[in-house]
Each structure stands twice: as C-alpha cells, then as structure tokens.
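A.B. asks: Everything below, folded, please.
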Amino acid sequence: DEADLLLEEGVDPLEAKIEIIAKPKGKRPTGIELLSGGEKTLTATALLFAIYLVKPSPFCIMDEVDAPLDDANIDRFTKLLKDFSGNTQFIIVTHNKRTMEAAENMYGVTIQEEGISKLVGVQFNEDIKVSA
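C.D. replies: Next up, the predicted model:
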C-alpha cells in the first residue's frame, strides 16, 4: 500500500544503511524484516519497479521471486511485468505455472543423459495455459 526508505543519519551516504518501512494494506507500518515472505517480495518488487519508472533498465533477471506469492499477487506481478516489458526485458527463473502462462518466450533445461543438459525454447504468439 505504501512504503518509506530511510537513510541512516550521520554516516557517509555511500556507506549508510537503508531501512525500508512498508505498510501493506490493512496493516501498520513496519520494518521489512518483520514482513511475511510474500509481503517482503511485494515490497522489494515495488521498489524495483519504482526505480524503473525513473530510470528504466534494458533487462532484469529475477530468480524465483514469485515463489512466496499467492495466485492473486502472481497475477498482479505478471501484469506489472507486461506493463514494464516495453522498456525492460525480463528474464524470470520460475516454477510457477501462472508466471509461465504470462511469458512470451520460455526456455527449459532438461537432462536426457546424466551430466548432459539440453535447452528447449518455445515462443508463444498468444496466451497459453500450462497444464498441471
């Protein structure tokens, strides 16, 4: 719902700690370390996207950032990815089917023989559903 960034005072700004205070909907403001896994993820992701509003990056790599999110928040997360994909290319490592359904391209790694990995790529022209 809202958040604040507090820079440690009386220290060189380049070495200062940054405290993140978040206020998820319906809760009191609290330090990020006291939030649930999903709330931490949403707060960190919101901060990243806020930075990208000011200074877009050509690409962003996220490793299983969606793991602690429930389905409703996965849907919000994938909508943000689509909204920002005009300026930023996202590379997402995920095991979440809902995140995979939002992908334009997907790459999988399989092992057909012990010690030998094979890369499989798929490009989607329309929305798909990933079966269980």
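A.B. asks: Tell me, how many residues neighbour the closest residue to Glu64 other than its chain neighbours?
C.D. replies: Sequence neighbours aside, Val93 is the residue nearest to Glu64 in space, at 5.6 Å (criterion: CB to CB, 6 or more residues apart in numbering). Quick note: C-beta positions are derived from backbone N, CA and C, even for glycine. Neighbourhood size, Val93 [other CB atoms under 10 Å]: 13.
A.B. asks: Could you tell me which residues make contact with Val93?
C.D. replies: By CB atoms under 8 Å, 6 or more residues apart in numbering, the residues touching Val93 are Ile61, Met62, Asp63, Glu64.
A.B. asks: closest to Leu5 among those residues?
C.D. replies: Using CB to CB, Met62 comes nearest to Leu5 of the contacts of Val93, at 20.5 Å.
A.B. asks: What values do phi and psi take at that closest one?
C.D. replies: When read as degrees, to the nearest 10, the backbone of Met62 gives phi -120, psi 130.
A.B. asks: Point me to the helix or strand that includes the nearest residue to it once chain neighbours are set aside.
C.D. replies: With sequence-adjacent residues excluded and distances taken as CB to CB, 6+ apart, Met62 is closest to Ile92, at 5.0 Å. Element membership for Ile92 (DSSP states H and E) is strand 89-93.
A.B. asks: Okay, buried residues for that strand please.
C.D. replies: Phe90, Ile92 (16 or more other CB atoms under 10 Å).
A.B. asks: Over to stretch 35-54?
C.D. replies: Applying 16+ other CB under 10 Å to stretch 35-54 flags Leu35, Glu39, Lys40, Thr41, Leu42, Thr43, Ala44, Thr45, Leu47, Phe49 as buried.
A.B. asks: how close does the fourth one get to Asn73?
C.D. replies: Shown here: Thr41 relative to Asn73, a distance of 8 Å by CB to CB, to the nearest Å.
A.B. asks: for the second one, same thing?
C.D. replies: If you measure Glu39 against Asn73 using CB to CB, the figure is 10 Å.
A.B. asks: The residue nearest to Glu64 and Glu2, how far apart?
C.D. replies: 29 Å.
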